[in-house]
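A.B. asks: Show me the folded form of this:
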Amino acid sequence: MFAKSIKGKSTEEIKSALDASISDDFKPTLAICFVSKKLDRVAITNVLDAAGISVFGCTTNGEFTSEVTEKGTAAILLLDLNKDDFQIYFHEFTEPNYREVAKEMALNAKEKFANPAFFIGLSHYATDGEEILKALTDIAGKDINVFGGGAGDDYEFTDNYVFTNGKDAGKAIVCIALNENKIEIKGIATCGWKAVGTVRTVTKSEGNHVYMVDDMPVLDLTVKYGGIENVTPENQNLLIELAANFPLQLQREKGDPVMRPGLMVDWNDRSYYTSGTVPQGSKVRFSLPPDWDVMEKVVKGVEQLKATEMPEADAVVVFSCAGRILSLGPLMTKELEGIKNVWNVPMAGMFSNAELGRATGGNLEMHNLTTCVVALKEK
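C.D. replies: Reported below is the predicted structural model:
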């Protein structure tokens, strides 16, 4: 498999970069697209479609093809996979029937491939990624490889989108099913946020909608101990503060804790939605952003992945939480440079609103404030 990454600030720049990339030796069949809402993603998709390229796309909170992070651009990974070894699925939903939708995708993938792996893109802040992962593992087995992320919207916290050829929606799932008998896929998810304070109990929740913690509205509790001010619907920075500065950390009996920051507030009862399930009765702690040494932890984890499971790769995809760059700022380039240097192959990535991958020592999870690095190689 050959791969190339391209980027641009307009449809015209993407078309020029695409035309320059295609040659007798490289005719891409699949494009993994991370595109700012500020650009015309439909026009960009049409350019790729006209070249016979299948599209997996998400809007972002920032995008990159190297250690240099961008905003308001498109970052695209072009791959020349055999068309018989992948299939794209796209499903919209009008109600929270995530599990049923994901089950249908998994059944279709299992009919096509004996051993499928999945790339997933999700739109809408209330989407429960945990339910989607459960459906995939119910059908394809608990050991399957699933990676992906939640679409962004340039930190507007309004509407985000996933898209493919001829389809684009703000409440949808886009999925690439890969034939893992022909395409090797390995990944690692690393966080680094540190738990603080006492262990607390979720006293009322439904799926990824958290109402009460220690019998107090979860927003009020977060504000009380996080020192967050101007807690009103008019405060456009509130969700950034909730997600990046004082998120919940869900404790696990098996494996590392996973992050569950508030992504969408219900002002009627001061509850909020997270990207993944927070079971009623579960234990949570608040957490603080990591120190700079978390970047070294991420890079060492990727180096270990190369040493033990993936000595060579053809391409790399990165889903890194938007909250990380808010907390780490310019230092984020050091992390991306370290990741890039591990295999030194074409790369594309996005700053996402959530990340899908296997927790260290645990199960498939919907993460937040995490970097998920995925390596691909044709067998």
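
A.B. asks: May I see the domains of the protein written out as residue ranges?
C.D. replies: The record's domain split for the chain, according to automatic domain parsing, is 3-190+293-378, 194-288.

A.B. asks: what mean pLDDT does the longest one have?
C.D. replies: Taken as a whole, domain 3-190+293-378 has an average pLDDT of 92.

A.B. asks: what's the span of that domain from first residue to last?
C.D. replies: Distances were taken as C-alpha to C-alpha, to the nearest Å; on that basis the terminal residues of domain 3-190+293-378 are 11 Å apart.

A.B. asks: what about the longest strand in the chain?
C.D. replies: When every strand of the chain is counted residue by residue (DSSP state E), the longest turns out to be strand 194-206.

A.B. asks: Quick check: neighbours of that one in the sheet, parallel or antiparallel?
C.D. replies: Looking at strand 194-206 with DSSP bridges, its partner strands are strand 209-213 (antiparallel), strand 283-288 (antiparallel).

A.B. asks: Restricting the selection to alpha carbons, write it to PDB.
C.D. replies: In PDB, the C-alpha atoms belonging to strand 194-206 read as follows (Å, rounded to 0.1, in the frame of the first residue of the first chain):
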ATOM      1  CA  LYS A 194      -4.300  13.100  36.700                       C
ATOM      2  CA  ALA A 195      -7.100  12.300  39.100                       C
ATOM      3  CA  VAL A 196      -7.600  14.700  42.100                       C
ATOM      4  CA  GLY A 197      -9.900  14.800  45.100                       C
ATOM      5  CA  THR A 198     -12.100  12.200  46.500                       C
ATOM      6  CA  VAL A 199     -13.900   9.300  44.700                       C
ATOM      7  CA  ARG A 200     -17.500  10.300  44.100                       C
ATOM      8  CA  THR A 201     -20.600   8.300  43.100                       C
ATOM      9  CA  VAL A 202     -22.800   8.900  40.000                       C
ATOM     10  CA  THR A 203     -26.300   8.900  41.600                       C
ATOM     11  CA  LYS A 204     -28.300   9.500  38.500                       C
ATOM     12  CA  SER A 205     -27.400   8.900  34.800                       C
ATOM     13  CA  GLU A 206     -28.800   7.300  31.700                       C
END
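
A.B. asks: what does it rub up against?
C.D. replies: Judged by C-beta atoms under 8 Å, 6 or more residues apart in numbering, the contacts made with strand 194-206 from elsewhere in the structure are 210-215, 221, 225, 249, 251, 257, 278-288, 290. For every residue, glycine as well, the C-beta is placed using N, CA and C.

A.B. asks: could you give the mean pLDDT of that strand?
C.D. replies: Per-residue confidence for strand 194-206 averages out to 91 on the pLDDT scale.

A.B. asks: And stretch 32-45, what's buried?
C.D. replies: When burial is assessed from 16 or more other C-beta atoms under 10 Å, stretch 32-45 yields the following buried residues: Ile32, Cys33, Phe34, Val35, Ser36, Lys37, Leu39, Arg41, Ile44, Thr45.

A.B. asks: quick one: which two of the residues you listed are the most distant?
C.D. replies: Farthest apart among the buried residues of stretch 32-45 by C-beta to C-beta are Ile32 and Lys37. That separation is 17.5 Å.

A.B. asks: Based on its surroundings, how many neighbours for Met259?
C.D. replies: The number of residues packed around Met259, counting by other C-beta atoms under 10 Å, is 26.

A.B. asks: helix, strand or coil for it?
C.D. replies: Remark: Met259 carries the secondary structure label strand [criterion: DSSP: H, G, I helix; E, B strand; the rest coil].

A.B. asks: Spit out the contact partners of it.
C.D. replies: Taking C-beta under 8 Å, 6+ apart as the test, what Met259 contacts is Cys191, Trp193, Pro247, Leu248, Gln249, Leu250, Ser287, His367, Asn368, Leu369, Thr370.
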